[in-house]
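In: Mind looking at a prediction? Sequence and model below.
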Amino acid sequence: MVQISSFVVGSAVELIGITALIEGNNILIPSGIIQIAEGCSGLRYLTISLLLAYILSLINGYNLSQSITALLVGILLGLLTNWIRIIALVIIGYNTNMQSSLMHDHEMFGWILFSLIILPALYFAPLVQKHINFNIETPTFKPLIPTMFLIIGPVLLVFTERNADYSNRLDLNGFNFSQSAMQDINLIEIPFPETIAVSNGAISIDETDIKLTLAKSIAPPLNRKLVPYIGNFFDNGDWVTAEEKILNIRGERFTLLTLKKINSSHQSLLMYQFNIGKSNSASYRMAKLLQLKARLLGEDFFGLLIMQVSCKLDCDDEINSLNKAAAEWHNIKLQQLSPSRHR
């Protein structure tokens, strides 16, 4: 939704004729930068407009096709409210040199705009049936399935705790570190929560300096989330994703991001992989699912590997170096996770 909002607002700004540069979800105007953050995606307006459309369908007696039409109109109005709000803020910021108070506090402005758009739509919505009777039939109680889950849950909990192995076996020691590369690299600082233990290092492959970061969960066993919450890897106000790829290296998946510095031609590469027990994933959502498998198998350790390089020209050489580093990581993990090492 942030990307859709950025596209719509960027197109509108271009039509209006405002001098602006659109980079990702950042709108650069002469007096500053307006960022379309996750909180500006319009999800709140969309949720409430859908709820109102659903209630309207019930009390007005709409049939299926009319209800679908009402929901589609609700979606459109919810999204339209957010787009108009952002466009208005861009115009206000452009004409006031970013000095208007709305540039810092526009929460109430958005809800007032939402009311001006949604209330007339509710008032003029057609009424099909004036009196509606709701007949609610109580379903027959079938206790088998809920009872099975009540039994399976505690059994799985006891089984996972019995097989849990809280020693985190992953580390960066298998790499050939370069002290000179560590001194020269100054790339993106990634914020991690306090439940994350972070180790850093740097290697040099084919004259490309690569910064390595391994983040490992140190959550206590009694309240253990194997894969902790991890937010954005970079500040959207400083960097924008120019390209995102999923790579398969030695049978393992990595995500490769090409990041462009805002208001600059400089590019950096960021490659990462989630390691959940002996499994791995390039996706945070898949990593959250894989933690169930890891807990059941007693592979209770987690590590997020992040590799960064700064591009000199077209990033091709740096990508090749990252691929080689990813292959090294694969070999390192085979040694660290081999059964013979932990007998």
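Out: Thanks, I have the structure now. Here the structure is a predicted model, which means the values were calculated and not measured.

In: Could you pull out the buried residues of the strand or helix carrying Leu122?
Out: Per DSSP states H and E: Leu122 is located in helix 107-124. Across helix 107-124, burial judged by 16 or more other C-beta atoms under 10 Å covers 110, 113-114, 117-118, 121. Placement of C-beta: from N, CA and C, glycine included.

In: And the contacts of that helix?
Out: Residues from elsewhere that reach helix 107-124 (C-beta atoms under 8 Å, 6 or more residues apart in numbering): 45, 48-49, 52, 56, 73, 77, 80-82, 84-85, 88-89, 102.

In: Please state the mean pLDDT value computed over it.
Out: The average of the pLDDT scores along helix 107-124 is 89.

In: if we can go back for a sec, from the buried residues of helix 107-124, pick the one nearest Glu299.
Out: Checking those against Glu299 with C-beta to C-beta, the nearest one is Gly110 at 45.9 Å.

In: where's that closest one relative to Ile33, distance?
Out: 20 Å (C-beta to C-beta, to the nearest Å).

In: swap in Thr19?
Out: Counting by C-beta to C-beta, the gap from Thr19 to Ile33 is 14 Å.

In: Neighbour count: those two, which is higher?
Out: Remark: of Thr19 and Ile33, Ile33 carries more neighbours, 16 against 9, as counted by other C-beta atoms under 10 Å.

In: just checking, that one is part of a strand?
Out: Yes: assessed with DSSP: H, G, I helix; E, B strand; the rest coil, Ile33 lies in a strand.

In: what's the closest non-adjacent residue to it?
Out: Closest residue in space to Ile33, ignoring its immediate chain neighbours: Asn26 at 5.6 Å, by C-beta to C-beta, 6 or more residues apart in numbering.

In: shaky segments in the stretch 101-250 of the chain?
Out: 129-139, 157-168, 181-187, 195, 218-224 (pLDDT under 70).

In: Now do the helices in it.
Out: Assigned by DSSP state H, counting those that start in this stretch, the stretch 101-250 of the chain shows helices spanning 107-124, 144-163, 179-184.

In: Redo the ones you listed as JSON lines? Include distance to Ala37.
Out: Formatted as JSON lines, these follow (distance: least, C-beta to C-beta, whole Å):
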{"stretch": "helix 107-124", "distance to Ala37": "13"}
{"stretch": "helix 144-163", "distance to Ala37": "37"}
{"stretch": "helix 179-184", "distance to Ala37": "32"}
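
In: Out of those, the one nearest Asn280 is which?
Out: Going by C-beta to C-beta, the one of the helices of the stretch 101-250 of the chain nearest Asn280 is helix 144-163, 20.1 Å.
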